[in-house]
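K.L.:
test case, fold it:
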Amino acid sequence: MDAVRVSFDLDEVLFVSPRTHETEPKLPFPLDRIFPERLRLGTPDLIHQLQDMGCEVWIYTSSERSERYIRSLFKLYHVHLDGVVSAERHQREVQRGRREMLPQKMPSWYRITLHIDDEAVICTAGKEYGFDVYQLSGPDKEWKEKIIRYLKHILEMRK
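P.N.:
Got it, this is the predicted structure:
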C-alpha cells in the first residue's frame, strides 16, 4: 500500500487571521516581519499527530510562495513537511502546457490520500477527478479531531 499522504491548503486553512480564528503565538521580531502569516491554533500539534500515525504531511497550495519560504516558516514551529506543491510546481508538473485546464490542485497526481481545503470548487473537483477532500472553512474548535476521524474513515473504506 502507498504511503498515507495528507495535504493542506495554506490560505484560510492553515494560515488564518487572528481577527477571525484562534492562532498559534506570533513569531518573535524580526521573524514576524519575514513570516507575517499566522497559523491556525493546533496546526503543529495536528501535523505531529498525523506523522505519529505514519502519515506524510504535505502542503498543496495555489499560492506563489516558494517551497523554501513555506518549509522555513513551518520549521520555526518545529514542523517538518514531507512535501510541498506550490502554484509553480503544479503548473510545471501537473498542468504542463495542457490545453485543457485542470483544477488548480490535483492531489491524486502526487498520490495524496486526503487533501484539506476551504474552497468548494476544489471539493467539487475531488469528486470529478477522484481525490478525497475534507472541506475546512471557518473557525472550528474540533477541526483537528474531525480531520483525523475523516482520514480514518477513508482508510477504513479502502480496506
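
K.L.:
which residues of the chain fall in helices?
P.N.:
For the chain, the helices identified by DSSP state H occupy 31-34, 43-52, 67-76, 87-90, 120-129, 143-158, in order along the chain.

K.L.:
and Pro107, which of the ones you listed is closest to it?
P.N.:
Distances from Pro107 to each of the helices of the chain were compared using C-beta to C-beta; the minimum, 7.8 Å, belongs to helix 120-129. For every residue, glycine as well, the C-beta is placed using N, CA and C.

K.L.:
look up how far Gly130 lies from the most far-flung residue of the chain relative to its centre.
P.N.:
Distance from the C-alpha centroid of the chain peaks at Arg99, with 26.9 Å (C-alpha atoms, centre = their mean). Distance of Arg99 to Gly130, computed by C-beta to C-beta, to the nearest Å: 21 Å.

K.L.:
list the buried ones in the lowest-mean-pLDDT helix or strand in the chain?
P.N.:
In the chain, the helix or strand scored least confidently by mean pLDDT, DSSP states H and E is helix 120-129, which has a mean of 89. If you call a residue buried by 16 or more other C-beta atoms under 10 Å, then helix 120-129 has these buried ones: 122-123, 125-126.

K.L.:
nearest to Lys141 among those residues?
P.N.:
Among the buried residues of helix 120-129, and counting by C-beta to C-beta, the member closest to Lys141 is Cys123, at 21.6 Å.

K.L.:
who are the contact partners of that closest one?
P.N.:
Cys123 is in contact with 117, 133, 135, counting by C-beta atoms under 8 Å, 6 or more residues apart in numbering.

K.L.:
tell me the most packed of those residues, by neighbour count.
P.N.:
Neighbours here are counted as other C-beta atoms under 10 Å. On that basis the top member of these is Asp117, with 28 neighbours.

K.L.:
show me the contacts for that residue.
P.N.:
Going by C-beta under 8 Å, 6+ apart, Asp117 touches 8-9, 13, 105, 123, 133-136.
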